[in-house]
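Q: could you work out the structure for the sequence below:
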Amino acid sequence: MTDLSPRRAAILGYIRDQVNGHGQSPSLAEIASACGLASRGAARKHVLALSEAGLIEVAAGQARGIRPAGQSARAELLQVPILGRVAAGAPIGADAGLVDTLALDERLFAMRPDYLLRVQGDSMIDDGIFDGDLVGVRRSSDARNGQTVVARLDGELTIKRLARSGASLRLLPRNPAYAPIEVQPDQDFAVEGVFCGLVRRG
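A: Numbers count the residues shown, from 1 in each chain. Take a look at the predicted model:
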């Protein structure tokens, strides 16, 4: 489950939030609209992949037949602090003060998050991470190539995909309007944590 792409993690989180928080399974059209997908067909592709992974159940022939797997299991509520903002765009100054605490269903996340950051900007929209989303972050100083991370660059925070190639290190946006960030050897750089899911509040 930890290898879910950010977009599939967002779709899974949305399905769980709709069922557990609102008592109704979302339709494919609603999933496509909420998660920035181009069509119901694109939503169906992701839903089938999540079903094959055993994370959701899909009832054949029902418009609202999408439910989290093992729905009868009692979910644990996590008390997760919101610690300021993270940039999905140009990095913004670190703002790590406690803003609020949310009680959240642990099944919203691929891994248990240590904290939440509110996204500011649109550089990650192709991965389903939108301006205003709360992203769950698991504290870690290490990350695999291709993982979505919260990184600190010269004292400022940003959320991007990590790309390592030999000695080269880049932070990749998921919006063609933004250029990759080339991390220079003399810059102060650190991985603060890895993305593990998100919460989208209406």
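Q: ok, longest helix in this structure?
A: For the chain, the helix reaching the highest residue count under DSSP state H is reported as helix 6-22.
Q: buried ones in that helix?
A: 6-20 (16 or more other CB atoms under 10 Å). Placement of C-beta: from N, CA and C, glycine included.
Q: any idea which of the residues you listed is closest to residue 41?
A: The closest of the buried residues of helix 6-22 to residue 41 turns out to be residue 11 (CB to CB; 13.9 Å).
Q: give me the pLDDT for the closest one.
A: With respect to pLDDT, residue 11 scores 92.
Q: ok, back up a step: downstream of the longest helix of the chain, the next helix or strand is which one?
A: Proceeding N to C from helix 6-22, the next assigned helix or strand is helix 28-34, under DSSP states H and E.
Q: send me that next one as PDB with only the CA atoms.
A: These are the backbone C-alpha positions of helix 28-34, laid out as PDB (Å, rounded to 0.1, in the frame of the first residue of the first chain):
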ATOM      1  CA  LEU A  28     -17.300   7.600 -11.200                       C
ATOM      2  CA  ALA A  29     -18.200  11.100 -12.400                       C
ATOM      3  CA  GLU A  30     -17.800  12.500  -8.900                       C
ATOM      4  CA  ILE A  31     -14.500  10.800  -8.500                       C
ATOM      5  CA  ALA A  32     -13.300  12.200 -11.800                       C
ATOM      6  CA  SER A  33     -14.500  15.700 -10.900                       C
ATOM      7  CA  ALA A  34     -13.100  15.700  -7.300                       C
END
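Q: packing partners for it?
A: On a contact count with 3 or more CB pairs under 8 Å, 6 or more residues apart in numbering; DSSP states H and E, helix 28-34 meets helix 6-22, helix 40-52.
Q: show me the contacts for residue 169.
A: By CB atoms under 8 Å, 6 or more residues apart in numbering, the residues touching residue 169 are 162, 163, 182, 183, 189.
Q: ok, now with 6 Å
A: When contacts are counted by CB atoms under 6 Å, 6 or more residues apart in numbering, residue 169 touches residue 183.
Q: helices and strands of this structure: which one bottoms out on pLDDT?
A: strand 92-93 (a mean of 60; mean pLDDT, DSSP states H and E).
Q: buried sites along the very next helix or strand once past that strand?
A: Next along the chain after strand 92-93, taking DSSP H and E as the criterion, comes strand 100-105. Residues of strand 100-105 classed as buried: 104, 105 (neighbour count, 16+ other CB under 10 Å).
Q: returning to that earlier point: quick check, nearest of the buried residues of helix 6-22 to residue 142?
A: Taking CB to CB as the measure, residue 142 sits nearest to residue 6 out of the buried residues of helix 6-22, at 18.2 Å.
Q: which residue comes closest to that closest one once chain neighbours are left out?
A: Closest residue to residue 6 apart from its sequence neighbours, by CB to CB, 6 or more residues apart in numbering: residue 127 at 3.9 Å.
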